[in-house]
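Engineer: The following block contains a protein sequence and its predicted model.
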Protein chains: 2
Amino acid sequence: MELSPVMESFVLHWGEMGSRWGLNRTVAQIFALLYIAGRPLPADEIADTLKVARSNVSTSIRELQSWELIERTHAIGDRRDHFVAETDLWTMAARIAEERKKREIDPTLAALARCLSDARMDDGIGKDAVARIRAMHDFLESASGWYEEIRDLPQSKLETLMKMGAKVARLEAPGKKPKKKKGKR
Amino acid sequence: MELSPVMESFVLHWGEMGSRWGLNRTVAQIFALLYIAGRPLPADEIADTLKVARSNVSTSIRELQSWELIERTHAIGDRRDHFVAETDLWTMAARIAEERKKREIDPTLAALARCLSDARMDDGIGKDAVARIRAMHDFLESASGWYEEIRDLPQSKLETLMKMGAKVARLEAPGKKPKKKKGKR
DNA sequence: AAGATATTTCAGAATTTACCGAAAGCAGGA
DNA sequence: TCCTGCTTTCGGTAAATTCTGAAATATCTT
């Protein structure tokens, strides 16, 4: 596939950003390419376009599938696997949130719980230190619980909720109480 | 500083997790140590405790300061700098969110905007591809705007908002309409 | 101002991570 | 069952990142 200048810079930017996100450059670039292509691409075409080894594409695609950000499809008369990116952005965001939680939050929560239960046998640790571990554990757990509650809301509900957020924010903003209801900052 | 077994595993776990978070191991460990210590520690004591080079501590501390997760303090009669971790978890979360947005979202948004403006001069890119870039840009921008609206809410307001979220979630949950108000799933 | 103590910078060493290309594995014909 | 086209696995290498120790810098003390 031939990349126009803008498409190329889109892909390159995603590559750089991907690193900051825990993905590696190639993985991120492949996703960007599929997203911008807007149609299923076979692995070897991806490799050609991005100038990376075919095997590298294979590995990266597996990673993208574990994030559920791309899907395998087929074309008639073509034995090769093709891949398409998820294009709905709400879905993308949800998938990313889910996966990051799974990789970042859940293991941490488990480790903290382990620390707390071990703390009983550990006479070298102070009460206040245990309390701080517990505080962190409880905080993460409640954030996690909240996320789970809203995770399955349909998009429309989420949008409602976000609007509510904005409203709450506006309502008696810190330091400047509106005197009249007409006063819309 | 002597680490008890639980304290040590807390620190080690943070080290591992930090990697998944874009921090490196040492940076994360130092933060964990300061958090669990609950009192200001001088840099050389940190180095001793974690068995890393003094210079490494210096670099890592700078990184933690850029996240505003630790603060430099002083003790009378001691010329050395001491460091304490932020212990309020809401504040911590806010700082992390702010910094991640700054590092992950803002540059991406800027790059997308650049792509969009460049797209005019690029006759190699299809209309639909431009539309997808725009969709991503707009999505990120509105998420970003929402974040900015709630970012400065006091903790109490945020908690209210989270409760609202839970309520919206419960209210006519997808696939199971409650018939009576008593029915609390 | 010189000496003592504390911090930062930096070049190279060590470690970790990403990538390539060759070989192996797996279908679906002939 | 033996090609043939496609995909995955894997050992080694290249690249990037992290860490160290020595040297430079800064700051107090006398």
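Structural biologist: Ah, there it is. The shown structure was predicted, so the numbers you read here are calculated from the model rather than taken from an experiment.

Engineer: rest of the way, CA atoms for contacts and neighbours
Structural biologist: Will do.

Engineer: Which strand runs longest in chain A?
Structural biologist: strand A:78-85 (DSSP state E).

Engineer: That one vs chain B: in contact?
Structural biologist: No: using C-alpha under 8 Å from any C-alpha of the partner chain, strand A:78-85 never reaches chain B; the gap is at least 11.6 Å.

Engineer: try stretch A:90-109
Structural biologist: Yes: applying C-alpha under 8 Å from any C-alpha, one finds stretch A:90-109 touching chain B at A:103-104, A:108.

Engineer: got those as TSV, with distance to DNA strand D columns?
Structural biologist: Output for the residues of stretch A:90-109 next to chain B, formatted as TSV (distance: C-alpha to the nearest atom of the strand, whole Å):
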residue	distance to DNA strand D
A:103	18
A:104	16
A:108	19
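
Engineer: which of the residues you listed are buried?
Structural biologist: Those of those that meet the buried threshold are A:104, A:108, by 16 or more other C-alpha atoms under 10 Å in any protein chain shown.

Engineer: now residue A:69: how far from chain B?
Structural biologist: Residue A:69 sits at a distance of 15 Å from chain B (criterion: C-alpha to the nearest C-alpha, to the nearest Å).

Engineer: Count the residues that sit near that residue.
Structural biologist: Per other C-alpha atoms under 10 Å in any protein chain shown, the neighbour tally for residue A:69 reads 20.

Engineer: My guess is it contacts residue A:85. True?
Structural biologist: Yes: counting by C-alpha atoms under 8 Å, residue A:85 is a contact partner of residue A:69 at 6.0 Å.

Engineer: what sits in contact with each of the two?
Structural biologist: residue A:31 (C-alpha atoms under 8 Å, 6 or more residues apart in numbering or on different chains).

Engineer: Can you see whether stretch A:80-95 contacts DNA strand D, counting any residue in it?
Structural biologist: Yes: counting by C-alpha under 7 Å from any atom of the strand, DNA strand D is contacted by stretch A:80-95 at A:80-82.

Engineer: what would those look like in a markdown table with pLDDT?
Structural biologist: Compiled in a markdown table, these are given as follows (pLDDT from 0 to 100):
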| residue | pLDDT |
| --- | --- |
| A:80 | 97 |
| A:81 | 97 |
| A:82 | 98 |
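
Engineer: quick one: which of those is most hemmed in?
Structural biologist: Among those, the one with the most neighbours (other C-alpha under 10 Å) is residue A:82, at 19 neighbours.

Engineer: since we're on residue A:142, how many residues are nearby?
Structural biologist: Neighbour count for residue A:142, taken as other C-alpha under 10 Å: 11.

Engineer: Please report how far it lies from chain B.
Structural biologist: For residue A:142, the distance to chain B equals 10 Å [C-alpha to the nearest C-alpha].

Engineer: again with residue A:87
Structural biologist: Between residue A:87 and chain B the computed distance is 8 Å (C-alpha to the nearest C-alpha).

Engineer: wait, what's in contact with that residue?
Structural biologist: Neighbours of residue A:87 in contact, by C-alpha under 8 Å, 6+ apart: A:35, B:132.

Engineer: which SS state does it fall under?
Structural biologist: Of the three states, residue A:87 takes coil under DSSP: H, G, I helix; E, B strand; the rest coil.

Engineer: before we move on, the earlier item: out of the residues of stretch A:80-95 next to DNA strand D, flag the one nearest to chain B.
Structural biologist: Set against chain B, the nearest of the residues of stretch A:80-95 next to DNA strand D by C-alpha to the nearest C-alpha is residue A:82 (18.8 Å).

Engineer: what about the strands in chain A?
Structural biologist: With DSSP E as the definition, chain A shows strands at residue ranges A:41-42, A:70-75, A:78-85.

Engineer: For the closest residue to residue A:54 other than its chain neighbours, give me its contacts.
Structural biologist: Using C-alpha to C-alpha, 6 or more residues apart in numbering or on different chains and skipping residues adjacent in sequence, the residue nearest residue A:54 is residue A:47, 5.4 Å away. Taking C-alpha under 8 Å, 6+ apart, we find residue A:47 in contact with A:53-54, A:57.

Engineer: Of the residues you listed, select the buried ones using a PyMOL command.
Structural biologist: Buried residues among these (16+ other C-alpha under 10 Å), as a PyMOL selection:
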select buried, chain A and resi 57
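
Engineer: And the contacts of residue A:47, which is closest to residue A:9?
Structural biologist: Nearest to residue A:9 among the contacts of residue A:47 is residue A:57, at 19.5 Å by C-alpha to C-alpha.

Engineer: Who are the contact partners of the residue nearest the centre of chain A?
Structural biologist: Nearest to the mean C-alpha position of chain A, by C-alpha atoms, centre = their mean, lies residue A:96 at 2.2 Å. The neighbours of residue A:96, taking C-alpha under 8 Å, 6+ apart as the test, are residue A:67.

Engineer: Mark which of the contacts of residue A:47 are part of helices, please.
Structural biologist: Among the contacts of residue A:47, DSSP state H puts A:54, A:57 in helices.

Engineer: Export the contacts of residue A:47 to CSV and append columns for pLDDT.
Structural biologist: Below are the contacts of residue A:47 laid out as CSV (pLDDT from 0 to 100):
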residue, pLDDT
A:53, 98
A:54, 98
A:57, 98
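
Engineer: With respect to DNA strand D, which of the contacts of residue A:47 is nearest?
Structural biologist: Of all the contacts of residue A:47, DNA strand D sits closest to residue A:54, with 5.7 Å by C-alpha to the nearest atom of the strand.
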